[in-house]
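> Okay, sequence plus prediction incoming.
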Amino acid sequence: MSKKAEIMQPIIIPILSILLYVMSTKQKIYMLDMILASLKSDMAYVTESIRNMDEKAKKKWRTYYRLLSEINYPYLRMYDGLLRYIIKYIQPIRIYVAIDDSFIFRSRSKKVPTGHFDYDHARKSNRSKYVWGQNLMAVTFSIAYGDNKLLKIPFRIKLKSDAMSKIHYGRYMMKSTIAFLAQLRLLKNAIVSFDSWFTNYPMIAEFAPFVTIVAQAKLNYAFYHLPPDRSTLPKRRGAPKKYGDRIYKPNINSLEHKVTLHLYNKDMEIEYSDFIVKARFLKGMIIKIVYLKFTDAKKLRVLLSTDINLSAVEIIEAYEKRWKIETFFYEYKHVLGLKDMMQHSLQTYYRWGYIRLISYTIINFLKTFNEKEIASFTALTFPWRTTNKKKKISITFKVAQLYFFSFFSSFDKRYLLHETLNNSSAFLRSRHQPLNNRGYKHREFVDFLLDSG
C-alpha cells in the first residue's frame, strides 16, 4: 500500500460507509463501482465511467444502467449523510450559503428533462433573447474553518420547469437548506446570500427570522430612515409615522468611507456608506444597507443585511462568498461535464447528477488534507502555473482529481466492502439491526458475488 493510501484510507472508508449504508448488500457492490469510477472520470457520460472500471465490472454494464434508471434508492439521504460527516469533521466557524441559477444550453428538445425556452438575461450580443435549454438552480455551502480556510461544497441542485417561477423554487430550496442546518444546530453560524433576482419580500420575510440574509438589492428600492421617537416630539393627533425621511441614492463620488479588502482573489479599494433603514418593499422591516462602489467601477451597488449588528465590511465580505456558486456552475458544466449529460428522465438525471456531486465533494474534501502535496504536484506537472511567484498556486478541482487518480485506481474493492460493512453502524443510527451483528454473513455474500463475477 502506498504512503498516500495509508493516509487517505482512514478518511475515505467512513465516507464510503455512510454513502453505502442505505443500500442493500448487492447494491453496495455496484454503487461502490459507480462512485469509484466517477471519482476517476472527467466526463459526464455513464459509459465513460464504466470504462474506468475493471474488466469484470465492465461485463455487467447493463446492471449499472439499471441501477440509475430502475432501482429505487435514497440518493438525497446518501448525499446528506456525506455532508453531515464532512461538516462535523472540519468543525465550521461560519457557513456561507449561496443560492443562484444558471442556464444550460441544449440543442435537442423532446429528450431533455424540463427543457424549455427561457429569457437569457446574461446573453451575448450575438444570441437571441429566448433560448432553449435547462435552467439549473443550486445551493452551495462555503464553509469557513481553521485558519482562514474555505471549503466549497454543493448542497442541492434542481432543474427548474417552465411551470413555476425561480422564487417558488428558491423558497423550496431555502426550506430544505434551513431544515438541514437546523438539524446540525448551525443556523446561528450561517449567512445566506443571493443576488437581486431573489431579493424580494417572500424570500426575505419568510426566512429572516431563522437565518441572517445578506443580498444585493435593486437601486430603485425605497429605503427610509427610522421614524423619530414620538415621546421626544410634541403631542399631536393621528397615528405615529411608520417611516422617516427617504434615503435617496447617494452620489457615486460622495461615499463616506474607504477601505482596502482582499476580495475575489485580489486586493480591492472600496468606497461605501451604510445606513440602518426601513425597507418599503419588505413592508417596514428594519435592515442595514451598504451603498458601495469599487474604485475603478462606474456603477453603484447596494447590499442589505437582515442582521443590523453586522459591520459594513462584514456584509461586503459575506456577499463576496456568494461568488463561489458561480465557480461551482462553471465546474459543474465544464469540468464535471454535466452540460453534456443526456439522461432522458428527470429521476435518472438526479441520480447520476448526485453521484457526480458525491465525487466532486469527496475530492474537494480530500484536497484540504493534501494542499502542500498537490501544490508540489502542480509545480511539477503544470510549471506554467507557478511563473508568478507573488501569487499562491491555485489548486483547482481538476488538478486535485489528477493528483488522486492513482490513489482511487489502487483501491482494493474487496477490502473496502469488508471495511464498509464493519463500519456502517458506527456512523449512522438506524431502527434496523446493526450491521456489525450480521456482518459475517454479509461479508460471505460479498465474497461470493465478487468471486462469481
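Everything's here; your move.

> Just the CA trace of the longest strand anywhere in the chain, in PDB.
When the chain is parsed with DSSP state E, its longest strand is strand 130-145. What follows is strand 130-145, C-alpha atoms only, in PDB (Å, rounded to 0.1, in the frame of the first residue of the first chain):
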ATOM      1  CA  TYR A 130     -35.100  33.400 -25.700                       C
ATOM      2  CA  VAL A 131     -33.000  30.300 -25.800                       C
ATOM      3  CA  TRP A 132     -33.800  26.600 -25.400                       C
ATOM      4  CA  GLY A 133     -32.200  24.600 -22.600                       C
ATOM      5  CA  GLN A 134     -32.400  23.700 -18.900                       C
ATOM      6  CA  ASN A 135     -32.500  26.200 -16.000                       C
ATOM      7  CA  LEU A 136     -30.400  24.700 -13.200                       C
ATOM      8  CA  MET A 137     -30.800  26.100  -9.700                       C
ATOM      9  CA  ALA A 138     -28.300  25.200  -6.900                       C
ATOM     10  CA  VAL A 139     -27.500  25.800  -3.300                       C
ATOM     11  CA  THR A 140     -23.800  25.700  -2.200                       C
ATOM     12  CA  PHE A 141     -22.000  25.900   1.100                       C
ATOM     13  CA  SER A 142     -18.800  27.800   1.600                       C
ATOM     14  CA  ILE A 143     -17.600  26.600   4.900                       C
ATOM     15  CA  ALA A 144     -15.100  28.700   6.800                       C
ATOM     16  CA  TYR A 145     -12.900  26.700   9.200                       C
END
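
> the domain parsing of this protein - what is it?
Structural domains annotated on the chain: 3-71+352-452, 80-214+324-329, 217-231+240-306, as defined by automatic domain parsing.

> so which of these gets nearest residue 337?
For these, proximity to residue 337 was assessed by C-beta to C-beta; domain 3-71+352-452 is nearest, at 3.8 Å. For glycine as for every other residue, the C-beta is placed from the backbone atoms N, C-alpha and C.

> how far out from the middle of the chain is that closest one?
19 Å (C-alpha atoms, centre = their mean, to the nearest Å).

> Over to stretch 342-356?
Taking C-alpha atoms, centre = their mean, one finds stretch 342-356 lying 17 Å from the centre of the chain it belongs to.

> in it, what's buried?
For stretch 342-356, the neighbour count (16 or more other C-beta atoms under 10 Å) marks 343, 348-356 as buried.

> what does stretch 163-178 give?
Buried, per 16+ other C-beta under 10 Å, within stretch 163-178: 166, 169-171, 173-174, 177-178.

> With stretch 248-266 instead?
So, applying 16+ other C-beta under 10 Å, buried residues of stretch 248-266: 250, 255, 263.

> and the end-to-end length of it?
End-to-end distance for stretch 248-266, by C-alpha to C-alpha, to the nearest Å: 31 Å.

> what's the average pLDDT for that stretch?
Averaged over stretch 248-266, pLDDT sits at 88.

> so how far is it off the chain centroid?
So, by C-alpha atoms, centre = their mean, the centroid of stretch 248-266 is 28 Å from its chain's centroid.

> For that stretch, which outside residues touch it?
219, 267-274, 291-293, 298-300, 302, 312-313, 316-317, 320, 323 (C-beta atoms under 8 Å, 6 or more residues apart in numbering).

> Would you mind checking these for buried ones?
With neighbours counted using 16+ other C-beta under 10 Å, the contacts of stretch 248-266 contain these buried positions: 268, 270-274, 291-293, 300, 302, 312, 316-317, 320, 323.

> Identify the farthest-apart pair in those residues.
Using C-beta to C-beta, those reach their maximum pairwise distance at 273 and 323, which is 22.8 Å.

> ok, now which ones touch the closest residue to residue 347 other than its chain neighbours?
Sequence neighbours aside, residue 69 is the residue nearest to residue 347 in space, at 7.8 Å (criterion: C-beta to C-beta, 6 or more residues apart in numbering). Residue 69 is in contact with 345, 347-348, counting by C-beta under 8 Å, 6+ apart.

> Got the confidence number for residue 69?
For residue 69, the model assigns a pLDDT of 87.

> Please dump the contacts of residue 69 into JSON lines; it should also carry pLDDT for every row.
Compiled in JSON lines, the contacts of residue 69 are given as follows (pLDDT from 0 to 100):
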{"residue": "345", "pLDDT": "87"}
{"residue": "347", "pLDDT": "90"}
{"residue": "348", "pLDDT": "90"}
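
> Using CSV, please lay out these together with distance to residue 238 and secondary structure.
Shown next, in CSV, are the contacts of residue 69 (distance: C-beta to C-beta, whole Å; DSSP: H, G, I helix; E, B strand; the rest coil):
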residue, distance to residue 238, secondary structure
345, 62, coil
347, 60, helix
348, 63, helix
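
> quick check, nearest of the residues you listed to residue 186?
Nearest to residue 186 out of the contacts of residue 69 is residue 347 (C-beta to C-beta; 30.1 Å).

> distance of that closest one from residue 113?
Distance of residue 347 to residue 113, computed by C-beta to C-beta, to the nearest Å: 9 Å.

> Then residue 13?
The gap separating residue 13 from residue 113 is 35 Å, by C-beta to C-beta.

> which SSE is residue 177 in?
If you go by DSSP states H and E, residue 177 is part of helix 166-183.

> on contacts alone, who are the packing partners of the helix or strand just after that helix?
Next in sequence after helix 166-183, counting helices and strands by DSSP H and E, comes strand 190-194. For strand 190-194, the contact count by 3 or more C-beta pairs under 8 Å, 6 or more residues apart in numbering; DSSP states H and E identifies strand 94-105, helix 166-183, strand 212-217, helix 312-320 as packing neighbours.

> Just checking: what are the partner strands of strand 190-194?
strand 94-105 (parallel), strand 212-217 (parallel) (DSSP bridges).

> okay, the ones you listed in TSV with mean neighbour count and mean pLDDT next?
Listed next are those as TSV, based on neighbours: other C-beta atoms under 10 Å; pLDDT from 0 to 100:
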stretch	mean neighbour count	mean pLDDT
strand 94-105	21	93
strand 212-217	23	95
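
> Residue 349 against residue 342, yeah?
No: at 9.2 Å, residue 349 does not count as touching residue 342 under the criterion of C-beta atoms under 8 Å.

> So residue 112 sits against residue 134, correct?
Yes: between residue 112 and residue 134 a contact is recorded at 6.3 Å, counting by C-beta under 8 Å.

> ok, for residue 343, nearest residue in space, not its chain neighbours?
Using C-beta to C-beta, 6+ apart and skipping residues adjacent in sequence, the residue nearest residue 343 is residue 349, 4.2 Å away.

> mind saving the C-alpha coords of the helix or strand containing the one you found as PDB?
According to DSSP H and E, residue 349 maps onto helix 346-367. Taking C-alpha atoms only, helix 346-367 is exported to PDB below (Å, rounded to 0.1, in the frame of the first residue of the first chain):
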ATOM      1  CA  LEU A 346     -35.600  13.500 -14.600                       C
ATOM      2  CA  GLN A 347     -35.100  10.800 -12.000                       C
ATOM      3  CA  THR A 348     -32.100   9.300 -13.800                       C
ATOM      4  CA  TYR A 349     -30.700  12.800 -14.200                       C
ATOM      5  CA  TYR A 350     -30.800  13.400 -10.500                       C
ATOM      6  CA  ARG A 351     -29.400  10.000  -9.600                       C
ATOM      7  CA  TRP A 352     -26.400  10.300 -11.900                       C
ATOM      8  CA  GLY A 353     -26.000  14.000 -11.100                       C
ATOM      9  CA  TYR A 354     -25.700  13.400  -7.400                       C
ATOM     10  CA  ILE A 355     -23.200  10.600  -7.900                       C
ATOM     11  CA  ARG A 356     -21.100  13.100  -9.800                       C
ATOM     12  CA  LEU A 357     -21.600  15.600  -6.900                       C
ATOM     13  CA  ILE A 358     -20.600  12.900  -4.500                       C
ATOM     14  CA  SER A 359     -17.300  12.500  -6.300                       C
ATOM     15  CA  TYR A 360     -16.900  16.300  -6.600                       C
ATOM     16  CA  THR A 361     -17.400  16.700  -2.800                       C
ATOM     17  CA  ILE A 362     -15.100  13.900  -1.800                       C
ATOM     18  CA  ILE A 363     -12.200  15.300  -3.900                       C
ATOM     19  CA  ASN A 364     -12.700  18.800  -2.600                       C
ATOM     20  CA  PHE A 365     -12.800  17.400   1.000                       C
ATOM     21  CA  LEU A 366      -9.600  15.300   0.500                       C
ATOM     22  CA  LYS A 367      -7.900  18.300  -1.100                       C
END
